[in-house]
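Student: coords below, sequence missing:
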C-alpha cells in the first residue's frame with residue numbers, strides 16, 4: 001500500500017525512511033486538479049502545508065485539494081510548517097482546511113506560530129502543557145480528528161477527537177478500535193539515546209497509522225521511545241510533571257482513561 005508524499009524536495013529524508021512504500025506526487029498550480037489516479041492504492045497522503053506547492057498558500061485552493069483527497073477515501077495527514085515569509089491569516093486558513101485533514105502534525109514551535117502567534121516569541125522553545133492543550137483543542141474544534149505535536153527533546157503530545165464518528169471517518173487508516181482512541185490526551189517523554197528528528201517521528205507516525213496501533217503504542221513509536229531499557233527515557237517536561245504516568249505514558253487531564 002502506497003504512502004503519497006506531496007513535495008519530494010521538502011521530504012527527502014521522510015521518503016528514505018519509508019522506502020518503497022511511498023511515491024511522490026507533483027502538484028499542479030491548482031492542487032485540486034491533481035489526477036485522481038495519482039492516489040490509486042494509497043492509504044495515506046502526507047502533505048507539507050503552505051510551502052508544498054504555490055497553490056497550497058491560497059486558502060480555498062488548499063481546502064479543495066484536501067477535500068478532493070479525503071473524498072477518495074485516503075487518510076489525509078498535514079505536516080504543518082509555519083511559512084513565516086507568507087503573510088496570511090493562518091487561523092482562517094486552518095479553519096477552512098482542517099475539516100478535510102484527518103491528522104495534524106507539526107513541531108510545537110510551528111503550531112504555536114500558526115495558532116497562537118501573539119504568544120510565539122514568549123513561549124517558543126518552552127514546552128507548555130496548557131498551551132499544547134489549547135492549540136490541540138483549536139485544531140480539533142476546526143474539524144481535525146487527531147493532533148500530534150512534536151516537542152523535540154521533550155517528546156510528543158497527542159490529543160484525539162471526542163467525536164467517535166470523526167475518528168471513524170479517517171479513511172483507510174481509521175482506527176480499528178475507536179473505543180480506545182476517542183477523547184485521548186497523552187504525552188510521552190523522548191528517549192535520551194534515540195535523537196529522533198521530526199522526519200523520524202513523521203515516519204513513525206505514518207507507520208503507526210497504517211498498522212493501526214493503539215494509542216499508547218502509537219505514542220511510543222512516534223516519539224522513538226520504544227526502548228527496552230527504562231533508564232533511557234528522559235524525565236517528563238516540567239509542565240507535564242503532575243500528569244498521571246503508567247509505563248512511560250502520561251495521561252492528561254482531558255484523557256478519558258485514568259493511569
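Tutor: Done, it's in. Bear in mind that the values here come from a model prediction, so they are computed numbers and not experimental data.
Student: remind me which residues of the stretch 51-200 of the chain are low pLDDT?
Tutor: Counting by pLDDT under 70, the ranges of the stretch 51-200 of the chain that qualify are 51-54.
Student: those helices in it, which residues are they?
Tutor: Shown for the stretch 51-200 of the chain, the helices assigned by DSSP state H, counting those that start in this stretch span residues 59-71, 90-97, 108-115, 120-123, 129-141, 164-168, 178-181, 198-211.
Student: dump those helices to a markdown table, plus distance to residue 257 and mean neighbour count.
Tutor: In this view, the C-beta of every residue, glycine as well, is placed from N, C-alpha and C. Formatted as a markdown table, the helices of the stretch 51-200 of the chain follow (distance: least, CB to CB, whole Å; neighbours: other CB atoms under 10 Å):
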| stretch | distance to residue 257 | mean neighbour count |
| --- | --- | --- |
| helix 59-71 | 28 | 20 |
| helix 90-97 | 28 | 19 |
| helix 108-115 | 24 | 23 |
| helix 120-123 | 28 | 12 |
| helix 129-141 | 16 | 19 |
| helix 164-168 | 15 | 16 |
| helix 178-181 | 8 | 16 |
| helix 198-211 | 18 | 21 |
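Student: can you tell which of the ones you listed is closest to residue 15?
Tutor: When the helices of the stretch 51-200 of the chain are ranked by proximity to residue 15, the top entry is helix 198-211, at 9.3 Å, counting by CB to CB.
Student: list the buried ones in the helix or strand just after the closest one?
Tutor: Downstream of helix 198-211, the first helix or strand assigned by DSSP states H and E is helix 215-223. The neighbour-count check on helix 215-223 (16 or more other CB atoms under 10 Å) flags 215, 216, 218, 219, 220, 221, 222, 223 as buried.
Student: returning to that earlier point: let's have the helices of the stretch 51-200 of the chain in a markdown table, adding distance to residue 16.
Tutor: Below are those laid out as a markdown table (distance: least, CB to CB, whole Å):
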| stretch | distance to residue 16 |
| --- | --- |
| helix 59-71 | 23 |
| helix 90-97 | 28 |
| helix 108-115 | 22 |
| helix 120-123 | 31 |
| helix 129-141 | 28 |
| helix 164-168 | 30 |
| helix 178-181 | 29 |
| helix 198-211 | 9 |
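Student: nearest to residue 242, out of those?
Tutor: Of those, nearest to residue 242 by CB to CB is helix 129-141, at 8.5 Å.
Student: and that closest one, what does it pack onto?
Tutor: If contacts are counted by 3 or more CB pairs under 8 Å, 6 or more residues apart in numbering; DSSP states H and E, helix 129-141 sits against helix 108-115, strand 146-150, strand 156-160, strand 185-188.
Student: now the angle from the third one to helix 215-223?
Tutor: To tie it back to what came earlier, the one meant is strand 156-160. For strand 156-160 against helix 215-223, the angle by axes from the mean of the first three to the mean of the last three CA atoms, to 10 degrees is 140 degrees.
Student: same deal with the longest one?
Tutor: Using the same axes, to 10 degrees, the interaxial angle of helix 108-115 with respect to helix 215-223 works out to 100 degrees.
Student: what angle do helix 108-115 and helix 90-97 make?
Tutor: Angle of helix 108-115 versus helix 90-97, following the same axes, to 10 degrees, is 90 degrees.
Student: for helix 108-115, name the packing helices and strands.
Tutor: For helix 108-115, the packing partners by 3+ CB pairs under 8 Å, 6+ apart are helix 90-97, helix 120-123, helix 129-141, strand 146-150.
Student: what's next to it, contact-wise?
Tutor: Contacts of helix 108-115 with the rest of the structure, by CB atoms under 8 Å, 6 or more residues apart in numbering, involve 80-82, 84, 90-91, 94, 106, 119-120, 123-125, 127, 131-132, 135, 138-139, 149-152, 157.
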